[in-house]
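Please find the sequence and the predicted model below.
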Amino acid sequence: MNGMITRHICNCILLLLASLSQMKGQSDMLDHGRIGHAGFLTSVVTDYQCLSINPANLGFAPTVEYFTSSTPLEAGLERKTRRFAVGFGQVGASIRSDALDKTKLFDMVLQRGSAVEFTREDQIQLAKDFSDRGIRVNADVMLVGASYQTKRWGGIGFTIRDRVGSSFQLNDGASDLIFRGRNASYFDSSYVNWRGDTIGVARKPQLFSQLFDGTQLSLTWSREYAVAYGLPLFMGQDWRFCIGVTGKYLESYAYMDARAENGVFSGASALSPWFEINYGKATTPSALSGTGLLPVGRGYGIDFGVSYQSSNFSLGMSVIDIGQMRYNGNVYSIADTVVNGLATPGFESYNFIKEAQQLTGEGNYIVWSGLLETRAMLPTRVRLGGSYTVSRFFRCGFDVMAPLTDVGSNLSNAITSVGINYRPFSWLIIAAGLGTGDGMTTFIPGSIALSILGGTVETGVTTMDMSSLFTDRLPVISAHVGFIRLRL
């Protein structure tokens, strides 16, 4: 993902967060972007692709791949054992919303049509559409990954990847205030100030914790350096039981997690100077100088996994992202204050960079205070999956993934999915699945992967939900492209 696109996405998310001043994020299912898989991963995905899924799968033994049995008249088709794998430039992104239909979601992403400039009618409708609803955005860029596997001593792998995730959910009061501004029903009076601006006033003002109760927001952007090792612990003639562990070092460029929940409002942010956020008159003892993309936090994480593999059946379980982040750059907290005296007419476009400044600028409505540091747990998850190889053409399986920590960027609830991989030719893998959970009613992941030059080069494309191509209901715009994967 180039710098301009990344900056546009992150700034849009960031400044929306700053303007809303509360939200909690939830993870999306970009894991379905692993080349050649859809619907189930935990028990089958191997080499460097199993990092952040199940490191025990590095202990799977590389084997000869048979596609056509030999006969007395002709040789069979087989491929030699591939021990080494390396991949570059695997890019995935998704955006989904229960507030917008597919057309409006595309308008928002592409900044076209009504998304460029809202009319008063648009603002009124959007205030209704986003009441108790929201948007989720995720991006995953694997810069490089590599692994080496042996039959006896297991395998080792590493990846470097960037992850961006954001989610926001607005309650009725937050949606009305953000999109209608001083015209929100919360303001029952108004006056004109000395500059001629109309100011919305509530004669019975409420705190953010009251007016925005149920509104949640989060943003994270981290670069992850991961090294994993998987080892066969017990082995038989046609089965093996493997264990694995991954160590992770993370650098964060953006963090925000804020929420108004059960009458309590809390939030903290740590954003790189690269985003040029205006905190008004607030200062912080953790200020970073400069305007570059500087880390604002660092942390460590661990993954554990176990896997069982036989000739046609596999079962795996893992716990992912056990650890903590420490943010000590540009750290601010948000105070719970009275909401009153709003001059802005509400968001007039999806250009959140411009619109958010009307709320956050000069500390007019959002009260910031500086912090030396803040800490946050990683979005720990547990995964369980199984698969069955029906024949050399078909493999089916299931996955279950559930959150173990209630932090921003984690799942809101468990995700369950099933799928099937079909390999009609040695060079083609077609996969599709069906799943539900994490705020989605039903999604249909699908992928196509090509394995060419005798299995040396692989490439593919995946979408998290094929049904979004045909329906406007709860749309998911999603794509994951694996530009190149070499297996040697």
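Structure's in. What do you need?

Would you mind listing where the stretch 301-450 of the chain has pLDDT under the threshold?
Flagging of the stretch 301-450 of the chain using pLDDT under 70 yields the residue ranges 351-365, 408, 439.

Contacts only, for residue 338.
205, 206, 207 (C-beta atoms under 8 Å, 6 or more residues apart in numbering). Every C-beta, even on glycine, is put in place using the N, C-alpha and C of the backbone.

What segments of the chain are helices?
For the chain, helices defined by DSSP state H occupy the ranges 3-20, 102-110, 120-129, 172-180, 208-211, 352-360.

so residue 447 touches residue 465, yeah?
No - with contact defined as C-beta atoms under 8 Å, residue 447 does not reach residue 465; the gap is 12.0 Å.

who has more neighbours, the two?
residue 447 (27 against 23; other C-beta atoms under 10 Å).

nearest spatial neighbour of the more buried one, skipping sequence neighbours?
Distances taken as C-beta to C-beta, 6 or more residues apart in numbering put residue 462 closest to residue 447, at 3.8 Å, once the chain neighbours are dropped.

Also residue 267?
Leaving aside its sequence neighbours, residue 267 sits nearest to residue 258 (C-beta to C-beta, 6+ apart; 2.5 Å).

Could I get the pLDDT score of the residue nearest in space to the middle of the chain?
Centroid-nearest residue in the chain, with C-alpha atoms, centre = their mean: residue 138, separated by 3.6 Å. Residue 138 carries a pLDDT value of 83.

for residue 225, same thing?
97.

who are the neighbours in contact with it?
Contacts for residue 225 (C-beta under 8 Å, 6+ apart) come out as 158, 159, 160, 248, 249, 250.

For these, give me TSV that also has distance to residue 313, pLDDT and neighbour count.
Output for the contacts of residue 225, formatted as TSV (distance: C-beta to C-beta, whole Å; pLDDT from 0 to 100; neighbours: other C-beta atoms under 10 Å):
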residue	distance to residue 313	pLDDT	neighbour count
158	29	96	16
159	27	96	24
160	33	96	14
248	30	97	23
249	35	98	14
250	35	97	22
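
tell me which of the residues you listed is nearest to residue 368?
Nearest to residue 368 out of the contacts of residue 225 is residue 250 (C-beta to C-beta; 25.0 Å).

any idea how far the closest one lies from residue 299?
5 Å (C-beta to C-beta, to the nearest Å).

Mind listing the shared neighbours of these two?
By C-beta under 8 Å, 6+ apart, the residues touching both residue 250 and residue 299 are residue 325.

Am I right that residue 253 is in contact with residue 273?
No - if you go by C-beta under 8 Å, residue 253 and residue 273 don't touch, sitting 10.1 Å apart.

between those two, which one's more packed in?
Neighbour count, other C-beta under 10 Å: between residue 253 and residue 273, residue 253 has more, with 23 against 17.

any idea how far residue 431 is from that one?
Residue 253 is 33 Å from residue 431, by C-beta to C-beta.

OK, contacts around residue 268?
Per C-beta under 8 Å, 6+ apart, neighbours of residue 268: 255, 256, 257, 258, 327, 331, 332, 333, 334, 371, 374.

so it bridges to which residues?
Counting by DSSP bridges, residue 268 is bridged to residue 257, residue 333.

That one and residue 373: what is the separation?
Residue 268 is 10 Å from residue 373, by C-beta to C-beta.

ok, now residue 56?
Noted for residue 56: a distance of 35 Å to residue 373, by C-beta to C-beta.

more crowded one of the two?
residue 56 (34 against 14).

Confirm for me that the more buried one is in contact with residue 233.
No - between residue 56 and residue 233 no contact is recorded; they are 9.1 Å apart, counting by C-beta under 8 Å.

Show me the common contact partners of the two, please.
242, 243.

Name all residues that make contact with the residue nearest to residue 117 when sequence neighbours are not counted.
Counting by C-beta to C-beta, 6+ apart, residue 117 lies nearest to residue 349, which is 5.5 Å off, once chain neighbours are set aside. Taking C-beta under 8 Å, 6+ apart, we find residue 349 in contact with 115, 116, 117, 118, 355.

with these in mind, which one is nearest to residue 396?
Proximity of the contacts of residue 349 to residue 396 (C-beta to C-beta) peaks at residue 115, which lies at 40.8 Å.

That closest one - how many residues pack around it?
Residues near residue 115, counting by other C-beta under 10 Å: 19.

quick one: it from residue 40, how far?
Counting by C-beta to C-beta, the gap from residue 115 to residue 40 is 36 Å.

Could you do residue 210 as well?
44 Å.

These two - which one has more neighbours?
residue 40 (29 against 15).

can you pull the contacts of the nearest residue to that one once chain neighbours are set aside?
Closest residue to residue 40 apart from its sequence neighbours, by C-beta to C-beta, 6+ apart: residue 397 at 3.4 Å. When contacts are counted by C-beta under 8 Å, 6+ apart, residue 397 touches 39, 40, 43, 44, 314, 385, 386, 387, 388, 418, 419, 420.

same thing but at 6 Å, please
40, 386, 387 (C-beta atoms under 6 Å, 6 or more residues apart in numbering).

The last one: neighbour count?
Residue 387: 26 surrounding residues under other C-beta under 10 Å.

Isn't it up against residue 315?
No - using C-beta atoms under 6 Å as the test, residue 387 is too far from residue 315 to be in contact (8.0 Å).

okay, and the common contacts of the two?
Common neighbours of residue 387 and residue 315 (C-beta under 6 Å, 6+ apart) are residue 43.

Report the separation between the nearest residue to residue 430 once chain neighbours are set aside and residue 47.
Using C-beta to C-beta, 6+ apart and skipping the chain neighbours, the partner closest in space to residue 430 is residue 422 (4.8 Å). From residue 422 across to residue 47, the span is 21 Å (C-beta to C-beta).

Between these two, tell me which one has more neighbours.
residue 47 (25 against 14).

dump the residue contacts of that one.
Counted by C-beta under 6 Å, 6+ apart, residue 47 has contacts 85, 147.

got the end-to-end distance for stretch 256-269?
4 Å (C-alpha to C-alpha, to the nearest Å).

Count the neighbours of the spatially closest residue to residue 323 that is not a sequence neighbour for me.
In space, and not counting its chain neighbours, residue 323 is closest to residue 301: 3.4 Å by C-beta to C-beta, 6+ apart. By other C-beta under 10 Å, 23 other residues sit near residue 301.
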